[in-house]
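Student: Show me how the following folds:
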Amino acid sequence: MGHKLDAALAERVEIESAPDAEARSDVRVTRGHGRTRVLQVRLNADELAEMQARADQQGLPVSTVARTMLLDQLRADTDPHRLARDLHRLADMIDRETLPAMAAAGSTQVVRRSTVQPDSV
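Tutor: Numbers count the residues shown, from 1 in each chain. Take a look at the predicted model:
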């Protein structure tokens, strides 16, 4: 038998020998949630690395980040609240990334954020 098949069989035996074992924390169980079609997308190594970095930053699987980006783009023209959400997301990015960098550089400029939430627009 091949190495991968041997490893899979050994893993199966291990799993079945301890049915009450604690679930692994590095594995996410997800459901299709009614999504029944698969779209394959070809990316070059740099594009995939960028997508993986975004997914890691958000703590999400790459497929979830890709699906979200794709659906956001498809809904761009029909979603009246998209601009407010995008502005809110950008403000959050500024809070997380830019302001600490400005403080570290000794900038004395103060940036004040609006308290308007995207759902209230």
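
Student: show me where pLDDT drops low in the protein?
Tutor: 1, 19-32, 107-121 (pLDDT under 70).

Student: if you set the cut-off to 90 instead, what comes out?
Tutor: By pLDDT under 90, the low-scoring segments of the chain are 1-38, 58-59, 68, 71-121.

Student: so what are the domain limits for it?
Tutor: For the chain, automatic domain parsing gives the domain ranges 36-79, 80-114.

Student: Take those domains and lay them out in TSV including distance to Arg12.
Tutor: Heads up, the C-betas are built off the backbone N, CA and C, glycines and all. Formatted as TSV, these follow (distance: least, Cβ to Cβ, whole Å):
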stretch	distance to Arg12
domain 36-79	24
domain 80-114	43
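
Student: possible to save those as TSV with distance to Ala8 and mean neighbour count?
Tutor: TSV is the format used below for the domains of the chain (distance: least, Cβ to Cβ, whole Å; neighbours: other Cβ atoms under 10 Å):
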stretch	distance to Ala8	mean neighbour count
domain 36-79	21	11
domain 80-114	41	11
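
Student: Among those domains, which comes closest to Asp6?
Tutor: Closest approach to Asp6 among the domains of the chain is made by domain 36-79 (27.6 Å; Cβ to Cβ).

Student: Strands along the protein, start to end?
Tutor: Taking DSSP state E, the chain contains no strands at all.

Student: Do a quick rundown of the helices in it.
Tutor: Taking DSSP state H as the criterion, the chain carries its helices at 3-17, 45-58, 62-74, 82-93, 99-104.

Student: of all the ones you listed, which lies closest to Thr36?
Tutor: Among the helices of the chain, helix 62-74 sits nearest to Thr36 (Cβ to Cβ), with 13.5 Å.
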